[in-house]
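>>> Dropping a prediction and its sequence here:
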Amino acid sequence: MSGVQNELLRTLTKVAKALRTEGIPFALAGGCAVYARGGPATEHDVDILVREEDAKPAVKALVAAGMRAATPPEDWLLKVYDGESLVDLLFRPNEIPVTEETLAKAEELAVGSVTLPVMPATDVMISKLLVLDGHRCDFSELLPFARALREQIDWPRVREATAHSPYAEAFLVLVERLDLLHPTTLTRSA
């Protein structure tokens with residue numbers, strides 16, 4: 001594990017402690033959730049799902065824990081930094097509001113030295129596929145994720161949730177063609 005990955009895990013521990021201390025419900029998403037479920041480590045950032053009404057209190061809790069707030073241009077997340085480690089507090093990723101029901105899907109898993117709620121691999125895959133567009137269509141992070149966690153992913157649900165995206169469709173065809181899963185796995189039985 002690299003120094004950046006160790007820093008992200010330390011940041012994740014601080015985030016979990018601060019949010020739990022304040023009673024703010026949250027769940028780990030993104031690359032750190034992939035890592036928590038047995039996938040490749042990330043060096044990018046820590047993605048935390050929170051409800052919109054909890055986003056500003058979450059920033060306040062993290063600033064009180066020694067992090068610094070940053071103003072993002074986007075209107076669907078807030079950002080804080082722990083040193084050089086970025087934490088994204090996502091409350092409306094892909095224009096889908098984070099709700100109590102969203103957070104209830106998370107499963108408590110050990111990640112480094114902390115146990116915290118982690119989103120299911122299926123939900124993380126859906127979220128990552130919905131980000132793809134004509135300007136961001138890089139499968140290089142998604143392929144190792146799909147390979148490592150393929151048994152944890154409900155592929156028919158992924159196909160259904162991303163059906164409107166030609167980029168997601170292209171990725172799903174690639175996953176099939178690379179034999180990362182049996183082709184019939186992506187279709188629901190009647």
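Nice, I can see it.

>>> Flag every buried residue along the lengthiest helix in the chain.
The helix spanning the most residues in the chain, taking DSSP state H as the definition, is helix 3-21. Buried residues in helix 3-21, counted by 16 or more other C-beta atoms under 10 Å: 7-12, 14-16, 18-19. Yep, even glycine has a C-beta here, placed from its N, CA and C like the rest.

>>> do the same with stretch 105-112
Within stretch 105-112, the residues scored as buried using 16+ other C-beta under 10 Å are 106, 111-112.

>>> follow-up on the earlier one: using PDB, list the CA coordinates for the longest helix of the chain.
C-alpha atoms of helix 3-21 as PDB (Å, rounded to 0.1, in the frame of the first residue of the first chain):
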ATOM      1  CA  GLY A   3       1.700   6.400   1.300                       C
ATOM      2  CA  VAL A   4      -1.300   8.100  -0.400                       C
ATOM      3  CA  GLN A   5      -3.400   5.100   0.300                       C
ATOM      4  CA  ASN A   6      -2.300   5.000   4.000                       C
ATOM      5  CA  GLU A   7      -3.200   8.700   4.200                       C
ATOM      6  CA  LEU A   8      -6.600   8.100   2.800                       C
ATOM      7  CA  LEU A   9      -7.200   5.300   5.300                       C
ATOM      8  CA  ARG A  10      -6.100   7.700   8.200                       C
ATOM      9  CA  THR A  11      -8.500  10.300   6.800                       C
ATOM     10  CA  LEU A  12     -11.300   7.800   6.500                       C
ATOM     11  CA  THR A  13     -10.800   6.900  10.200                       C
ATOM     12  CA  LYS A  14     -11.000  10.500  11.200                       C
ATOM     13  CA  VAL A  15     -14.100  11.100   9.000                       C
ATOM     14  CA  ALA A  16     -15.900   8.100  10.500                       C
ATOM     15  CA  LYS A  17     -15.100   9.100  14.100                       C
ATOM     16  CA  ALA A  18     -16.200  12.700  13.600                       C
ATOM     17  CA  LEU A  19     -19.500  11.900  11.800                       C
ATOM     18  CA  ARG A  20     -20.400   9.200  14.300                       C
ATOM     19  CA  THR A  21     -19.600  11.500  17.200                       C
END
